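Chemist: pasting the sequence and the predicted coordinates here, then a few questions.
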Amino acid sequence: MKTLIIIPTYNEIENIPGLIKEIFGFDNQLSVMVVDDDSPDGTAGIVQELRRTYFNLLLLQRRGTRGFGQSYLEGFKKIINENYEIIVIMDADFSHDYKEIPEMVRKFSDCDTVVGSRYVQGGKIKNWNWRRRLLSRFANFYASSILSIPIYDSTTGFMCFKKDVLKKINLDSIKSEGYAFLVELKYKIFKAGYKITEHPIVFTERREGQSKMSFKNIWEAIFLPWKLRFSRN
Ligand SMILES: Nc1nc2c(ncn2[C@@H]2O[C@H](COP(=O)(O)OP(=O)(O)OP(=O)(O)O)[C@@H](O)[C@H]2O)c(=O)[nH]1
Ligand SMILES: [Mg+2]
């Protein structure tokens, strides 16, 4: 199935060239779209150079405002009418193992969305301290309990879905960022009536570069489930 991986980037110059080379080395039938928010470190420039070698590599450069969720939404809108069948979303920092994609895609025979899950049997997190583990566990329990989403990992940033799923959810209604965006996307997919399956993944803490997730993202993730539960959208 024709698959496009969308990767948002902000200052990922230490990771993105290696990741792109590895992905195309693994499977040159895949397509990759990097959505860069005008990274000061020149991430977009490097991707532009790599496009000379990899014809299935796309670059969407955003200017002005920054945003993880908005980057994905702009990427989705750009490809919604293209002939990809499966969309994968993942981080640029090697936390998500692209080698799992074929296994995840195989699961589409009986579902519409496959979530890379740290919290099902076989799933794991490498190199996180107990505080971060506890926070993530709590965030998942919290979001799933309020929203009744039938999955154990609603904050994971690694997932695949059939492209046509995007046509049935109101992308303009999604305003959240960070972890909240990841929860909202899954919730909207679930509410639109699609079946979501979990696939165990081993999550590895970022190899290089710095985290961009902030306390603002955590606060947003606390309010979002209530907002979604009581909204009519
Ligand atoms: N386009 C875009 N990408 C972003 C933005 N913020 C983060 N990203 C990317 O989104 C992905 C996830 O961000 P991370 O900083 O790794 O967040 P995280 O995984 O929660 O944090 P770490 O555990 O420290 O890696 C990475 O590929 C980032 O480069 C943004 O504002 N715009
Ligand atoms: Mg990360």
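Modeler: Good, I have the coordinates. Residues are numbered from 1 along each chain as shown. Ligands and ions are numbered 1, 2, ... in the order given.
Chemist: could you use CA atoms for every contact and neighbour count after this?
Modeler: OK.
Chemist: pretty sure residue 59 sits in a strand.
Modeler: Yes: per DSSP: H, G, I helix; E, B strand; the rest coil, residue 59 lies within a strand segment.
Chemist: and it, how many neighbours does it have?
Modeler: Neighbours of residue 59 under the rule other C-alpha atoms under 10 Å: 18.
Chemist: what is the longest helix of the protein by residue count?
Modeler: helix 130-147 (DSSP state H).
Chemist: strands of this structure, start to end?
Modeler: Using DSSP state E, the strands of the chain run over 3-9, 31-36, 57-61, 86-89, 113-117, 124-126, 159-162, 196-200, 202-204.
Chemist: who are the packing partners of the last one?
Modeler: Using 3 or more C-alpha pairs under 8 Å, 6 or more residues apart in numbering; DSSP states H and E as the contact test, the elements touching strand 202-204 are strand 124-126.
Chemist: can you check the third one too?
Modeler: For strand 57-61, the helices and strands in contact under the criterion 3+ C-alpha pairs under 8 Å, 6+ apart are strand 31-36, helix 43-50.
Chemist: show me how far that strand is from its chain's centre.
Modeler: Relative to the chain's own centre, strand 57-61 is displaced by 16 Å; criterion: C-alpha atoms, centre = their mean, to the nearest Å.
Chemist: still on that earlier bit, output the helices and strands packed on strand 57-61 as TSV; include the columns mean pLDDT and mean neighbour count.
Modeler: Converted to TSV, the helices and strands packed on strand 57-61 look like this (pLDDT from 0 to 100; neighbours: other C-alpha atoms under 10 Å):
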stretch	mean pLDDT	mean neighbour count
strand 31-36	98	23
helix 43-50	98	17
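Chemist: related to what we said a few turns ago, check which residues of the longest helix of the chain are buried.
Modeler: 136-137, 139-144, 147 (16 or more other C-alpha atoms under 10 Å).
Chemist: of the residues you listed, closest to residue 19?
Modeler: residue 136 (25.1 Å; C-alpha to C-alpha).
Chemist: tell me which residues touch that closest one, please.
Modeler: Contacts for residue 136 (C-alpha atoms under 8 Å, 6 or more residues apart in numbering) come out as residue 155.
Chemist: which parts of this protein sit against ligand 1?
Modeler: Residues of the chain lying close to ligand 1 by C-alpha under 6 Å from any ligand atom are 8-10, 12, 35-37, 66-68, 71, 91-93, 205-206, 210-213.
Chemist: show me which of the residues you listed are buried.
Modeler: Neighbour-count burial (16+ other C-alpha under 10 Å) applied to these gives 8-10, 12, 35-37, 67-68, 71, 91-93, 206.
Chemist: relative to residue 106, which of the helices and strands packed on strand 57-61 is closest?
Modeler: Closest approach to residue 106 among those (C-alpha to C-alpha): strand 31-36, 17.4 Å.
Chemist: mind listing what the residue with the largest distance to the centre of the chain touches?
Modeler: The C-alpha centroid of the chain is most remote from residue 52, which lies 25.6 Å away (C-alpha atoms, centre = their mean). Residue 52 sits next to no residue when contact means C-alpha under 8 Å, 6+ apart.
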